[in-house]
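# no FASTA, just this:
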C-alpha cells in the first residue's frame, strides 16, 4: 500500500474517531468499509478497525474516568455478561434470516436516533444514586446487548447508549460509560479476527496515531465544549449514520 493512501486512511480515522468518541460509539463500523474502499482486504480491515476501536476508546476512557463520567457499577456487569451472551447470539444466527434481523435493527436505530433528536425524557436521578438499580440496569443491558450484538454482528454500544439515556442517564455519563465498555468488546472481537488475516503494520501504526488523536480531541470536546443536549444530538445523528450504512449493505 502506498504511503499517500496510508496517510489518507489515518486522516479519515482521525475525523471519524473525533466525532464518534463524543457519541461513545466505536468507529469500526465506518472504518471497515472505508479501508475496504481504499484497497484493504475485508478481514484485515475488520481486525485493524476493532483494534483501533479498543485503542481510541482506551484513551477516551482515561479522560472520562478522570472527569468522573464512567458509571462502573453499570459498566462492569455489562462487560462480564456481554462476554457470555455475545457467543450465544452469534450461535443463534443459524436460526434466523440475517437480512430480516438487520432490517429490524435498522428500524431500532432509526427509532433510537429519533428519540435522541426529538424526545427529552425526564431525568431520573435515582438511577445514579441507587447501587441496586445501577446493578440491575447493568445486568439487563449486559444480557440484551451481548446477545443482540452477537446475533446481529454489531457492537453492543449501539444498544447501550440509547438505552442508558432512555433509562434516565445523563447523555455525557451514558456516552462515557459506553466508551469504557466498547474497549473490552472491541478487544474481544479483534482477537477473533486477527488470526484470520495478515496485518499491514504501517497502516496500523499511522491509523493508531489518528485514532488516539481523535479520541483525545473527541473526549475533550464532549467534556469541555459541548452541552448534554448537543451530545444527545450527536448520538442521534451517529445512530442514523449506522442505520444508513447497514441498510446500504443490504442493497
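Looks like it arrived, so ask away. Worth saying up front: this structure is predicted, and the values here are computed from it rather than measured. Residues are numbered from 1 along each chain as shown.

# secondary structure class for residue 39?
coil (DSSP: H, G, I helix; E, B strand; the rest coil).

# Can you give me the pLDDT of it?
pLDDT for residue 39: 82.

# what's the weakest-modelled helix or strand in this protein?
helix 125-129 (a mean of 49; mean pLDDT, DSSP states H and E).

# Not counting its own residues, what contacts the helix or strand following that one?
Sequence-wise, the next helix or strand downstream of helix 125-129 (DSSP states H and E) is helix 131-152. Helix 131-152 is contacted from outside by 71, 73-93, 96, 101-102, 105, 126-128, 155-160, 163-164, 167, 185, using Cβ atoms under 8 Å, 6 or more residues apart in numbering. In short, each C-beta sits where N, CA and C put it, glycine included.

# Let me know the next secondary structure element after helix 131-152.
From helix 131-152, the next helix or strand downstream (DSSP H and E) is helix 157-166.

# Who are the packing partners of that next one?
Here helix 157-166 touches helix 98-118, helix 131-152, helix 171-194, helix 228-250, going by 3 or more Cβ pairs under 8 Å, 6 or more residues apart in numbering; DSSP states H and E.

# Tell me the gap between the strand or helix carrying residue 89 and the middle of its chain.
Element membership for residue 89 (DSSP H and E) is helix 72-92. For helix 72-92, the distance from its own C-alpha centre to the chain's C-alpha centre is 14 Å (Cα atoms, centre = their mean, to the nearest Å).

# swap in stretch 211-231?
The answer for stretch 211-231 is 15 Å, by Cα atoms, centre = their mean.

# got the buried residues for that stretch?
211-223, 226, 228, 231 (16 or more other Cβ atoms under 10 Å).

# okay, how far is it across it, tip to tip?
End-to-end distance for stretch 211-231: 20 Å, by Cα to Cα, to the nearest Å.

# What mean pLDDT does that stretch get?
Averaging pLDDT along stretch 211-231 yields 81.

# swap in stretch 83-90?
The model assigns stretch 83-90 a mean pLDDT of 74.

# Kindly report the same for stretch 112-119.
The predicted model assigns stretch 112-119 a mean pLDDT of 75.

# neighbouring contacts of that stretch?
162, 165, 166, 232, 233, 235, 236, 237, 238, 239, 240, 243.

# how many other residues sit next to the residue nearest to the fifth one when sequence neighbours are not counted?
Taking Cβ to Cβ, 6 or more residues apart in numbering as the measure, residue 233 lies nearest to residue 117, with 6.2 Å between them; neighbours along the chain are not counted. The local packing count at residue 117 equals 15, with neighbours defined by other Cβ atoms under 10 Å.

# Relative to residue 227, how far out is residue 117?
15 Å (Cβ to Cβ, to the nearest Å).

# What of residue 50?
Residue 50 is 31 Å from residue 227, by Cβ to Cβ.

# same question, residue 168
18 Å.

# what helix or strand does the spatially closest residue to residue 183 that is not a sequence neighbour sit in?
With sequence-adjacent residues excluded and distances taken as Cβ to Cβ, 6+ apart, residue 183 is closest to residue 57, at 4.6 Å. Under the criterion DSSP H and E, the helix or strand holding residue 57 is helix 42-66.

# Quick one: work out the angle between that helix and helix 157-166.
30 degrees (axes from the mean of the first three to the mean of the last three Cα atoms, to 10 degrees).

# Would you mark the buried spots in helix 42-66?
Here helix 42-66 shows 44-61, 63-64 as buried, counting by 16+ other Cβ under 10 Å.

# angle of whichever strand or helix holds residue 11 against helix 157-166?
For residue 11, the host element (DSSP H and E) is helix 3-23. If you take the same axes, to 10 degrees, helix 3-23 sits at 30 degrees to helix 157-166.
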